[in-house]
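*Asks:* this one's sequence-less:
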């Protein structure tokens, strides 16, 4: 399940990055979700990272970290009065709300991915707990 979540999120972020670079009218420099090349590269890099860690134990932490980062980016976006975040990433009000949604989804996925690992460790005989009764 964790691998599927990581791969799915990775593909979504890569597609968003590619669509932004292509300037589809929905995503891009003139799109409803305003992005510039730097913003698109962040989406591409995020997607690639999610795919790379999708099979590792680090996925939960990476998703939680990125969830927090995307929520912080949303806050910075809401505070921006010039349509950029720190003068680097072009944004629009729609972007800000999308970053809120992405942040929540990434945090939720991070906690969802983390649960099966914790449960499997509790019932792992090598950890000193057989999961059964005495």
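*Replies:* Happy to help now that I have it. Only a predicted model underlies this, so the values are computations on that prediction, with no experimental measurement involved.
*Asks:* Now do the helices in this structure.
*Replies:* 2-22, 37-53, 59-79, 93-122 (DSSP state H).
*Asks:* Run through who's touching the first one.
*Replies:* Which is helix 2-22. 26-28, 31, 33, 35, 37, 39-44, 46-51, 53-55, 59-60, 63, 105-106, 109, 112-113, 116-117 (Cβ atoms under 8 Å, 6 or more residues apart in numbering). In short, each C-beta sits where N, CA and C put it, glycine included.
*Asks:* try the shortest one
*Replies:* Helix 37-53 has contacts (Cβ under 8 Å, 6+ apart) with 6-7, 9-18, 20-21, 35, 59, 62-63, 66, 88-91.
*Asks:* gap between it and the chain center?
*Replies:* 9 Å (Cα atoms, centre = their mean, to the nearest Å).
*Asks:* What of stretch 54-70?
*Replies:* 7 Å.
*Asks:* List the buried residues for that stretch?
*Replies:* 54, 59, 60, 62, 63, 64, 66, 67, 69, 70 (16 or more other Cβ atoms under 10 Å).
*Asks:* which residues sit in contact with the residue nearest to the last one when sequence neighbours are not counted?
*Replies:* Right, residue 70. Distance criterion Cβ to Cβ, 6 or more residues apart in numbering; nearest residue to residue 70, sequence neighbours excluded, is residue 103 at 3.7 Å. With contact set as Cβ under 8 Å, 6+ apart, residue 103 has these partners: 67, 68, 69, 70, 71, 73, 74.
*Asks:* let's go with 6 Å and repeat that
*Replies:* Counting by Cβ atoms under 6 Å, 6 or more residues apart in numbering, residue 103 touches 67, 70, 71.
*Asks:* Buried ones among the contacts of helix 37-53?
*Replies:* Applying 16+ other Cβ under 10 Å to the contacts of helix 37-53 flags 6, 9-10, 12-14, 16-17, 20-21, 35, 59, 62-63, 66, 89-91 as buried.
*Asks:* Okay, now the unreliable bits of the chain?
*Replies:* For the chain, the stretches flagged by pLDDT under 70 are 116-134.
*Asks:* Go again with 90.
*Replies:* 1-3, 5-6, 23-25, 28-31, 55-57, 81-83, 86-88, 112-134 (pLDDT under 90).
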